[in-house]
Structure formats: C-alpha cells, structure tokens
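**Student:** for reference, the sequence and a predicted model appear below.
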Amino acid sequence: MKFRALIIEAASMRDFLNISLSLSKFSKTCVLRLTTKKIYFIVSEDDGGPRRPLVWCELPVSFYFKEYNIVGVSELYNEIFLELSTALLARSCSVLKQDVKTFKIKLTNKDSPCLTLEMELVSGEQQGRQCVHDIPVEVISRKHWSDYQEPGYDDFHVSIQMPNLRSLKNIVEKMKNMSHSLIVKANKAGKLTLQIKTSTVKLSAHFPGLNVNSFAEGHVRESVYEDEDDNSAVSSTIDIKKFITFLTGMQLNHCQAVCNIVQGKMVKLYMEQPGALALQIFLTELNV
C-alpha cells in the first residue's frame, strides 16, 4: 500500500485544519478512508455496541490536492482504511495556522505504520523550514471495511434548511447550561424550533420562514389551527453537547446546512460546501 498527497492552496489548508479540529471535538479517534476520488473521515458512536456512525465527512480529491497518488490493498480494492488519533491529527495540523507553502501527507512505515505530515513553512531565509509530524495509525483489514460504510438513511420525515449557524450556536450554548437534552422540531410551514424542558423551565427558540426540502405527510398529526403546535411538527430529542459541537466546529464559508428529522428517532445534520466538502452528523434519539 502506498499513499502520497500534496496541498498547495492556502484555502484548502485552512479548510483541512478546520475539519481536523472539529473531528477532535467529536471523538478521540477516527477512521480515514482513502480512495481514488475522495477521502473520508468517519467517526463512530462510542457506546460499546455495534458501530453506528456519528460523523461522516467526505472531501473530493480534485478540490484539495495538487498531487494525489494511492495504491490500495489490491487492484480490485484500491482503497486504504486507517484508524488514528483525532487529537494528534488536530495538533499536527495546527501548524497550518502559520504561513505554509506546501502540505504533504504520506503513508510511511517508521517501525510501525504512520501518517506523516510534512509542512514547508515560508521563511525569509534562503532555505525554508520544514515541520514533520508522524501520526501512528492502525491499518484496518478489508474484512472490517463493511463496519465503515456510508449510512443509507433516506426516510426522513422532514428536511429543512437551517438558519445561520452562529446565531444557533449562541442560543443553544445558553440552553446547554440548563439541560443536557435538546428537542429539535420542524413543520411543513418552514418553522424550526429548538426547545429544552426541565422540571423548572421550558424554553423555546423559533426560526420561521425556512425552506422545506421535503415533508412526509401522515407521520404526524395535523393541527386544526393555522399556527403550528406540538402535534403538527416532526421532532426528536438529542444530545445538546453534540449539537453544539456541530455548530462550533464546521464554521466554513459558503456552506449550506440542512436539518433532517426522523420522528422520535434521529436528527441528521448535513452541511455542504459545493465541490469542497460534505458533512453528515447522525444524532440518535436520547432515552430521557
């Protein structure tokens, strides 16, 4: 197996840094899937049961890399799956905050398999400085690849565009001080509601006038009134900290964010920067 890639664009380095920092907030480890067309960062739920996806992030090779070469496990299965520390990845990529000329990523063997990051720093001297970080990785055998396939969820009861993520973050961070769970609701009129309920307080934030991509009729009871109430919206209760991690982490420009809800089961948050990034966060219903 061989892998080598090169990034030279400052914007691509900045996005790669933001992604690595965000992953470190979700989990201690992630799986890096390398293919000929895309690279994927996959984070699974850390609950001790069967692997369930929490984060699925895909980056197109053509957008990020000036050079990209991969030789997978075989001609038929030309892919590589690596498990690595998100903290080490974020710490290594933090060098990209400086003025970096080139950013190389390689699969190396230094007593054990490593993902080696080489960054050439811009320097006023005749010779530039080079910073090298080796991140230990575990190569995942092909028999376990099926544990890290993209989820095929397509039965959402509502899909609604999200408002400005920074505004949501400011509101939800205040809610986090009062509750560990968050009720996410949306109706077909285009209103997204974020709500917390405790024994002492009930607090809601409403965002009307949003575009509704789809709404499954018949899965919720319709209100007889024009204004939406609890009976006319699709809702799910999720971990408020994971929701905030999504809002905090992926602050990328020109991104479209969509909230998809399965009644009483799941919220899938989807963010896309067309041609550059697609991110899915799967937040399952809390047992509260």
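**Tutor:** Everything's here; your move.
**Student:** all contacts plus neighbour counts: C-alpha atoms, from now on.
**Tutor:** Will do.
**Student:** and stretch 120-136, what's its mean pLDDT?
**Tutor:** The average pLDDT within stretch 120-136 is 83.
**Student:** okay, domains of this structure per the record?
**Tutor:** What automatic domain parsing lists as the domains of the chain is 2-148, 158-284.
**Student:** quote the end-to-end distance of the last one.
**Tutor:** One end of domain 158-284 to the other measures 15 Å (Cα to Cα, to the nearest Å).
**Student:** show me what the helix or strand bottoming out on mean pLDDT in the chain packs onto, helices and strands only.
**Tutor:** Within the chain, no helix or strand scores below helix 240-249, which has a mean of 85 by mean pLDDT, DSSP states H and E. Secondary-structure packing of helix 240-249 (3 or more Cα pairs under 8 Å, 6 or more residues apart in numbering; DSSP states H and E): helix 10-26, helix 165-176, strand 277-284.
**Student:** report the buried residues of the last one.
**Tutor:** Meaning strand 277-284. Across strand 277-284, burial judged by 16 or more other Cα atoms under 10 Å covers 277, 278, 279, 280, 281, 282, 283, 284.
**Student:** can you give me how far it is from the chain middle?
**Tutor:** Distance of strand 277-284 from its chain centroid, counting by Cα atoms, centre = their mean, to the nearest Å, is 5 Å.
**Student:** which neighbours does it have in its sheet, and in what orientation?
**Tutor:** Note on strand 277-284: by DSSP bridges, its sheet partners are strand 53-60 (antiparallel), strand 266-273 (antiparallel).
**Student:** following the first one, which helix or strand comes up?
**Tutor:** It stands for strand 53-60. helix 61-64 (DSSP states H and E).
**Student:** returning to that earlier point: where among the domains of the chain is the average confidence lowest?
**Tutor:** Among the domains of the chain, domain 158-284 scores lowest, at a mean of 85.
**Student:** let's have the helices and strands packed on helix 240-249 in JSON lines, adding distance to residue 97.
**Tutor:** Output for the helices and strands packed on helix 240-249, formatted as JSON lines (distance: least, Cα to Cα, whole Å):
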{"stretch": "helix 10-26", "distance to residue 97": "7"}
{"stretch": "helix 165-176", "distance to residue 97": "22"}
{"stretch": "strand 277-284", "distance to residue 97": "20"}
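**Student:** for the ones you listed, which one sits closest to residue 57?
**Tutor:** strand 277-284 (4.4 Å; Cα to Cα).
**Student:** now do the closest one against helix 10-26, angle only.
**Tutor:** 10 degrees (axes from the mean of the first three to the mean of the last three Cα atoms, to 10 degrees).
**Student:** that older thread, dump the least confident helix or strand of the chain to CSV, restricted to CA.
**Tutor:** This file holds the C-alpha atoms of helix 240-249, laid out as CSV (Å, rounded to 0.1, in the frame of the first residue of the first chain):
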residue,chain,number,x,y,z
ILE,A,240,-27.3,19.1,23.2
LYS,A,241,-23.5,18.9,23.5
LYS,A,242,-23.1,17.0,20.2
PHE,A,243,-25.4,19.6,18.5
ILE,A,244,-23.2,22.4,19.8
THR,A,245,-20.1,20.6,18.6
PHE,A,246,-21.5,20.6,15.1
LEU,A,247,-22.4,24.3,15.3
THR,A,248,-19.0,25.2,16.7
GLY,A,249,-16.8,23.0,14.6
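**Student:** how many other residues sit next to residue 111?
**Tutor:** 7 (other Cα atoms under 10 Å).
**Student:** next one: residue 234
**Tutor:** Residue 234, neighbours per other Cα under 10 Å, totals 26.
**Student:** isn't it right up against residue 189?
**Tutor:** No: Residue 234 lies out of contact with residue 189 (Cα atoms under 8 Å); the separation is 11.6 Å.
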